Each structure stands twice: as structure tokens, then as C-alpha cells.
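Novice: fold the following and give me the result.
(one chain, ligands or ions: 2)
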Amino acid sequence: MLLRRLLGLFSVDMGIDLGTCNTLVCVKGEGIVLNEPSVVAVRKGTNQVLDNGNAVGLIAKEMLGRTPGSITAIRPLKDGVIADFDVTEEMLGYFIRKVHGNRGLAHPRIVIAIPSGITAVEKRAVYNSAERAGARRVYLVEEPKAAGLGAGLPIHEPTASMIVDIGGGTTEVAVMSLSDIAICNSIRVAGDNMDDAIANFMKRTYNLMIGPQTAERIKIGVGSASPRAEEPSMEVKGRDMISGLPRKAVVNGEEIREALKEPVGQIIDVVLRTLEQVEPELAADLVDNGIHVAGGGGLLSGMDEVLAKATGLDVRLVDEPLTCVARGTSDYLDHLDEWRQTIESDQDEY
Ligand SMILES: Nc1ncnc2c1ncn2[C@@H]1O[C@H](COP(=O)(O)OP(=O)(O)OP(=O)(O)O)[C@@H](O)[C@H]1O
Ligand SMILES: [Mg+2]
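Specialist: Numbers count the residues shown, from 1 in each chain. Ligands and ions are numbered 1, 2, ... in the order given. Next up, the predicted model:
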């Protein structure tokens, strides 16, 4: 016990948002210190991370879709869950080492935000990765709770708070009250599916093959969920499917909105479905408290508007939706001793 306390003095506790697209790390008292894509470059057919385990994050994202034959840049998390355990472990280890680096002598305590629907096996994998990367103790918190805290919602109070977190791999919709999740639904439709929908549209309509990064640029540049006063347009480059040669095309906001109709519709549906399951008292609270949208997908132009229209409730995009969950894990770090009972840790029984 004493030894643990002593070790604590020399270590830096961290909060991690392990996302499908982006991983963010914050350190107690310092805020967000790392924000990098969840991407790893490996030698094809192996789990061997290139560059002595350092081809991770920003460096690896540059390689995505542009790698020569023997190298692949992979995203070890897919649809909000760990698709490749070994590579996730390598990636998490790299980020933890990068942050912890030469700061402390001892092992940190780490709070990790995980999707609320993950299985016991997947939880175990997260624990193992963090432990192997040098964590002294690992705590897991559900993403919607972390998002709620990060957004400054009163999730500990006896009133309903509702978060719609539209990430890269999953959209999680949760209603919380008294530190607990009352209802949570998660679908594997979020920002990545929007990119896929755009890539498919370009193929169908323009016979143009585009890569995932180009699709994302189109979404951010001209994509929307509801009409804009002035529809922007954008030049897109890719490979012609018939001639096989590189070529350009120009797309406008209206056609991309049409292409995004399906994923956006699925997100609206899960929000409506969740509202239908809410107890009447909590539903009554939501009339006053409204819905808060977090996650990078929430930045899609007009997403808040379509949700407000469909639900009839007040819908607000939280401040800095991309860092909301990470900031929430930081809140957990600040209150670890106080909230310990409500957080799962690697020393709990399974
Ligand atoms: N301005 C924008 N407009 C539309 N989408 C955006 C914008 N900025 C970022 N995104 C999208 O947000 C998604 C990433 O969001 P976020 O970082 O919250 O996901 P994540 O936490 O990594 O994923 P998950 O929570 O599903 O594991 C990507 O699909 C990205 O393209
Ligand atoms: Mg997320």
C-alpha cells in the first residue's frame, strides 16, 4: 500500500479516449497532451509495427491508402471495438510510452474510455494492453459517461442527461441520471460509414474511385445533413474506373447530402428509438435539458438541425466535440479516489 502511494508520487496519471479514428491522451493537471489517429503501419501479413514500433499515429496515417506492397497501414479498432488485439496493444503502448516517456520513474494509473457495448473479452484486451504498456492500475469508464462529464452535463444528478456521440466507428446514444446509464443504444454507423457512402456515390455517379482520405475531405468540405443557404462545391481527384487513369470531377453539397442520407437516417433512427425507451420521468427532464451531440461526426453540417427536427427537442453540439470524451476521462482522474466505487478496474473480480 505504502509502496503504491510512493510509486504514485513519481508517475503521471493519464486518461485515454481510445477511439476508432483518433486516440487522445490527457494528463492530470495538463489537459490533452496527445491527439493522434488510431493508425499503425505494419509489415504485410505480420503484426510487426514498422520503424521499431514507432510507425504509429500521425506518421502511420500519412501512409494509409498510399503504402507500397509490403507495408499496410491498419486501424486496429473497427466499428468502435478492437478488431486486432495485438496491434491495439502495440498502439496503446506506443501512445502511453510517448506521453509517459521521461516524465516519471513509476507506472501510471490509467483511465480508459470504452464503448458501452463492449464484451468482457474486449475489456480484458484493453486491460492487458494498458498493463503491458506499463500501467500500474487501469480503470475503464463508459464512453457516454465520459462524454457527458466532458460536456459539463450534470450526470451525477437526479435528472436526465442525453448524449449522442457520433464517432468514427460507432454512434452511441445514452440517457444518464445519478451517475448511471439508464438507456444506451449503440450502432456501428458513424463517420466512417459516411465516408464509405461518399466513395460509393462517386463510383456510381462519376465512375471515379477515391480513397478514404479523399472521401473524408469531401464530407468535411461539402457534406451536410440539412440544406445550407449556399451549397459549396469541391474538386475531387481519383482514378477513372473505365480508363483506369487519374482524373478530376466537381461535386456539390446537394449531391453529397443525398449520398449521406442513409447513414444520417440510421443515426436519427437510433436517437428516436432511444427516446421511445426512456422512462416518463426522465423523458420529462429531456424536454428541459435537451440532447447534447458529441464526437467528430456531430460536426457534420446540419446534423444538430436534423436531430432537432426529428425529435422536437433542443439539440446542442457540445464545445469541442472531438475532445469531449478525453476531457471527461480527465475529470475521472481528478476524482479517482472519490468515484472509485463506480468505476470498473483491472482489480475487480470477473
Ligand atoms: N467537420 C467535420 N464534419 C464531419 N465529420 C467530421 C468533421 N471532423 C471530423 N469528422 C469525423 O469525425 C469522425 C471522428 O470522430 P471521433 O474522433 O469522435 O471518433 P472516434 O472517437 O475515434 O471513434 P469512435 O468513438 O467511434 O471509436 C471521423 O469520421 C471524421 O471524419
Ligand atoms: Mg469516440
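Novice: now do the helices in the stretch 1-150 of the chain.
Specialist: For the stretch 1-150 of the chain, the helices defined by DSSP state H, counting those that start in this stretch cover 2-9, 50-53, 58-63, 85-100, 120-132, 143-150.
Novice: how far out from the middle of the chain is the fourth one?
Specialist: What it means is helix 85-100. Between the centre of helix 85-100 and the centre of its chain there are 17 Å (Cα atoms, centre = their mean, to the nearest Å).
Novice: pull out the buried positions in that helix.
Specialist: 85-96, 99-100 (16 or more other Cβ atoms under 10 Å). Where you see a C-beta, it was placed from the backbone N, CA and C, and this is true even at glycine.
Novice: repeat that for the third one.
Specialist: Neighbour-count burial for helix 58-63, counted by 16+ other Cβ under 10 Å, picks out I59, A60, K61, E62, M63.
Novice: using TSV, lay out the buried residues of helix 85-100 together with pLDDT.
Specialist: Formatted as TSV, these follow (pLDDT from 0 to 100):
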residue	pLDDT
F85	83
D86	85
V87	89
T88	88
E89	86
E90	88
M91	91
L92	89
G93	87
Y94	90
F95	91
I96	89
V99	89
H100	82
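Novice: with distance to ligand 1 added, can I get these in a markdown table?
Specialist: Shown next, in a markdown table, are these (distance: Cβ to the nearest ligand atom, whole Å):
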| residue | distance to ligand 1 |
| --- | --- |
| F85 | 16 |
| D86 | 19 |
| V87 | 15 |
| T88 | 12 |
| E89 | 17 |
| E90 | 18 |
| M91 | 12 |
| L92 | 14 |
| G93 | 18 |
| Y94 | 16 |
| F95 | 13 |
| I96 | 17 |
| V99 | 17 |
| H100 | 22 |
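Novice: show me which residues of the stretch 1-150 of the chain are close to ligand 1?
Specialist: By the rule Cβ under 6 Å from any ligand atom, the part of the stretch 1-150 of the chain lying against ligand 1 is G19, T20, C21, N22, G80.
Novice: and whichever residue of the stretch 1-150 of the chain sits closest to ligand 1, how far is that from A60?
Specialist: The stretch 1-150 of the chain approaches ligand 1 most closely through G19 (2.3 Å), counting by Cβ to the nearest ligand atom. As for G19, its distance to A60 is 15 Å (criterion: Cβ to Cβ, to the nearest Å).
Novice: got a winner among the residues of the stretch 1-150 of the chain next to ligand 1 for most neighbours?
Specialist: Neighbours here mean other Cβ atoms under 10 Å. Within those, the largest count is held by G80, at 28 neighbours.
Novice: show the pLDDT at the residue lying closest to that one once chain neighbours are set aside.
Specialist: Spatial nearest neighbour of G80, excluding adjacent residues (Cβ to Cβ, 6 or more residues apart in numbering): T170 at 3.2 Å. T170 carries a pLDDT value of 92.
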